[in-house]
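> give the three-dimensional model of this entry:
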Amino acid sequence: MLLTRIKGPRDLDRLSQEELTQLAAEIRSFLVDAVSKTGGHLGPNLGVVELTIALHRVFDSPKDKVLFDTGHQAYVHKLLTGRQDFGNLRSKGGLSGYPSRAESEHDVIENSHASTVLGWADGLAKANEVLHRADHHVAAVIGDGALTGGMAWEALNNIAAAKDRPLVIVVNDNERSYGPTIGGLANHLATLRTTDGYERFLARGKELLERTPVVGKPLFGTLHGAKKGLKDFIAPQGMFEDLGLKYIGPIDGHDIEALESALQRAKRFSGPVIVHCLTQKGRGYTPALEHEADRFHAVGVIHPDTGLPVSTDAASWTSVFADEMVKLGHEREDIVAITAAMLQPVGLKKFADAFPGRIFDVGIAEQHGATSAAGLATGGVHPVFAVYATFLNRAFDQVLMDVALHKCGVTFVLDRAGVTGTDGASHNGMWDMSILQVVPGLRLAAPRDAEQLRAQLREAVEVRDAPTVVRFSKGVVGPAVPAVGRIGGMDVLRTPAPEVTRPDVLLVSVGALAPMCLEVADLLDKQGISTTVVDPRWVKPVDEALAPLAERHRVVVTVEDNGRTGGVGAAVSQALRDAGVDVPLRDFGIPQRFLDHAQRREILAEIGLTAPDIARQVTGLVAKLDGRYDSEPAATVD
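Residues are numbered from 1 along each chain as shown. This is a model prediction of the structure:
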């Protein structure tokens, strides 16, 4: 096989065009076989095989920087830079599903959030200029979907201002982000795709006019002088040229020879250049091409021949939300939904099918989505903005200053909250309950099971004068966790034996960790430690009943699937101090560090967020209190 002979990008230089075509076929076969066993981003990588080969033949990585926006399409790049062991892709100790600096000097960006690559490219090109590195180049690959993000256009504004600073921008245009790309830019690129006759028209016109006696050459000069107007009529790429960017394309993104020619011309140019490549997501794999929803953007473990899942999961948190949204839509005409280019992943497809006039896809533009939601609320409807928890980080200012300041009734539904695992550091939803704690008036719910998700979503959309947030985990929703009582707005999940007058531990369980917290209580009970377990349901604001309840216990423990700094534990600690309740508090959560990719259970074990780990530490704390309880006051453990 040719692929096994590729140890680095320069090994591509020795291959003929015929061999490159063979290599592309081998790569596609490898990807289907490998990713079907592990799961991962399949469709995007099948679409960029030839493009990635051409990039690495034209540019000299790592001296030249080849950058990928988001990075989910970088599997081919990994293969061409010496990483062909995909056996543990996205698993602990295996290759990351995104570029990773720890893996290779050829990887530059690893944050895997969309629309950032042009900002990176602008900075790297400026650094080359400042350090007089004329022989260094920057090539940034960005999809048409990522171009819907505001950051991309902020960067283009800066890039275009430097007419003589070399930078190659490759637009990977496959008409899709996750699903079909939405918006005015998508329509513009679609026009470019369907009007590729400009160059042929101009060449043919020149040939005819130059053969025409006397008036031919003057007429051609006039025609050539009107080039921009003609381009706008036949192929309106003038938008890019109006920004000051040289435009090359559209190019067949599966023709290696044509791609190399275009990229070589762009590389030689002394300023910023757009190379517009037309590619096909899922190319070469029939099940992907026939999957209209997202062309196998991301798959689990599948049968390679059919593309069908190897196993069928039980109901997921996302599917529970999806069904309840449709019910709410039938009950209330004022309920509308917003997605940031992720209709399928966040569970809004059913709502869109049922109420096509009440769904708004804003593209990869979470900031705009949040402010637009404020406008929708002010206009008299109740928007539900469903987004991955990690992506809400990007819209924090809008949540604070547009939604909360204006007391707008907007509900944010955060999917993939907490540790998500295999997608790595940037996709763990471990920041939301910390950053949202500082937003005045905001209410935040963390459902523990499907029943509570349905109930708390309904409670959230009833709030008309403040933002509400409902967050839930990735994957299968667990069994129902019934309450045995209610104190204030909190559900009581477990109480000590009736004869216990002052229980040892008040365990505050947040969201989907409730089953684990009940397991902690069982383990503590075996050590003779009495425990009350409560689920606050709404973790912001802290329930007023919590402080007096805490005062009746010897120690308070909080457990959350969120960063410890500024999270629910910190909020509970502050509420107890404000109420003058002086009991020891121990908070368990995610340490504030970027976590390597692995299965969720592996990460939870690594960071000590398991029932045995928590029970062991709480047992030690209670034992410490027992040893000095009568002789000295208990100190707070933070």
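
> which parts of the stretch 201-350 of the chain are helices?
For the stretch 201-350 of the chain, the helices defined by DSSP state H, counting those that start in this stretch occupy 216-225, 227-234, 238-242, 256-268, 286-289, 317-331, 349-354.

> can you flag the weakest of the ones you listed by average pLDDT?
Here those differ in mean pLDDT, and the lowest is helix 227-234 at a mean of 41.

> and the gap between residue 557 and residue 431?
As for residue 557, its distance to residue 431 is 22 Å (criterion: Cβ to Cβ, to the nearest Å). C-beta: built from backbone N, CA, C; applies to glycine.

> the more surrounded of those two?
With neighbours defined as other Cβ atoms under 10 Å, residue 557 and residue 431 compare such that residue 557 has more, 30 against 21.

> and the more buried one, what does it touch?
Applying Cβ atoms under 8 Å, 6 or more residues apart in numbering to residue 557 gives the contacts 505, 506, 507, 508, 585, 586, 587, 588, 614, 618.

> ok, 10 Å please
Neighbour list for residue 557: 505-509, 517, 520-521, 524, 531, 533, 569, 572, 584-588, 614-615, 617-618, 621-622, 637 [criterion: Cβ atoms under 10 Å, 6 or more residues apart in numbering].

> do residue 467 as well
370, 373-374, 377, 385, 399-400, 402-404, 406-412, 436, 439-444, 460 are the contacts of residue 467 under Cβ under 10 Å, 6+ apart.

> next: residue 481.
With Cβ under 10 Å, 6+ apart, residue 481 has these contacts: 448-449, 451-452, 491, 493-494, 509, 512, 514-515, 517-518, 533, 535.

> rewinding a little: and the contacts of residue 467, which of them are in strands?
Residues of these located in strands (DSSP state E): 385, 411, 412, 443, 444.

> ok, the third one - how many residues close by?
The local packing of residue 412 (other Cβ under 10 Å) involves 28 other residues.

> state the distance from it to residue 352.
For residue 412 relative to residue 352 (Cβ to Cβ), the value is 18 Å.

> next: residue 476.
24 Å.

> which of those two has more residues huddled nearby?
Between residue 476 and residue 352, counting by other Cβ under 10 Å, residue 352 is the more crowded of the two (20 against 11).

> okay, now the closest residue to that one other than its chain neighbours: neighbour count?
Sequence neighbours aside, residue 359 is the residue nearest to residue 352 in space, at 4.1 Å (criterion: Cβ to Cβ, 6 or more residues apart in numbering). Residue 359 has 18 neighbouring residues, counting by other Cβ under 10 Å.

> where does residue 359 fall, phi/psi-wise?
In terms of degrees, to the nearest 10, the main-chain angles of residue 359 are phi -120, psi 140.

> which residues sit in contact with it?
Residue 359 makes contact with 329, 336, 337, 338, 339, 343, 348, 349, 351, 352, 353, according to Cβ under 10 Å, 6+ apart.

> tell me the one of those nearest residue 22?
Comparing the contacts of residue 359 against residue 22 with Cβ to Cβ places residue 343 closest, at 37.7 Å.

> per-residue confidence at the closest one?
With respect to pLDDT, residue 343 scores 94.

> that one and residue 363 touch, don't they?
No - under the criterion of Cβ atoms under 10 Å, residue 343 is not in contact with residue 363, lying 11.3 Å apart.

> which residues in the stretch 101-250 of the chain form strands?
For the stretch 101-250 of the chain, strands defined by DSSP state E, counting those that start in this stretch occupy the ranges 138-143, 167-173, 246-252.

> ok, which of these comes nearest residue 151?
The minimum distance between residue 151 and those falls on strand 138-143, with 10.5 Å, by Cβ to Cβ.

> could you name the helices and strands sitting against the closest one?
With contacts taken as 3 or more Cβ pairs under 10 Å, 6 or more residues apart in numbering; DSSP states H and E, strand 138-143 sits against helix 49-58, strand 65-68, helix 117-130, helix 150-161, strand 167-173, helix 256-268, strand 272-278.

> how far does it sit from its chain's centre?
Mean-position distance between strand 138-143 and its chain equals 18 Å (Cα atoms, centre = their mean, to the nearest Å).

> nearest spatial neighbour of residue 85, skipping sequence neighbours?
In space, and not counting its chain neighbours, residue 85 is closest to residue 95: 7.0 Å by Cβ to Cβ, 6+ apart.

> could you do residue 287 as well?
residue 307 (2.6 Å).

> which ones are touching that neighbour?
By Cβ under 10 Å, 6+ apart, the contact set of residue 307 is 32, 36, 42, 282, 285-291, 296, 299.

> residue 312: neighbouring residues, count only.
Residues within reach of residue 312, counting by other Cβ under 10 Å, total 6.

> check residue 471 too.
For residue 471, using other Cβ under 10 Å, the count is 30.

> buried residues in stretch 19-39, which are they?
Using 16 or more other Cβ atoms under 10 Å as the test for burial, stretch 19-39 gives 20-21, 23-24, 26-28, 30-32, 34-36, 38-39.

> in helices, which of those fall?
Under the assignment DSSP state H, the buried residues of stretch 19-39 contribute 20-21, 23-24, 26-28, 30-32, 34-36, 38 to helices.

> tabulate those in CSV, adding columns for distance to residue 164 and pLDDT.
Shown next, in CSV, are those (distance: Cβ to Cβ, whole Å; pLDDT from 0 to 100):
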residue, distance to residue 164, pLDDT
20, 33, 97
21, 37, 96
23, 36, 97
24, 35, 96
26, 41, 96
27, 37, 96
28, 39, 95
30, 41, 95
31, 39, 94
32, 44, 94
34, 43, 93
35, 42, 94
36, 47, 93
38, 45, 93
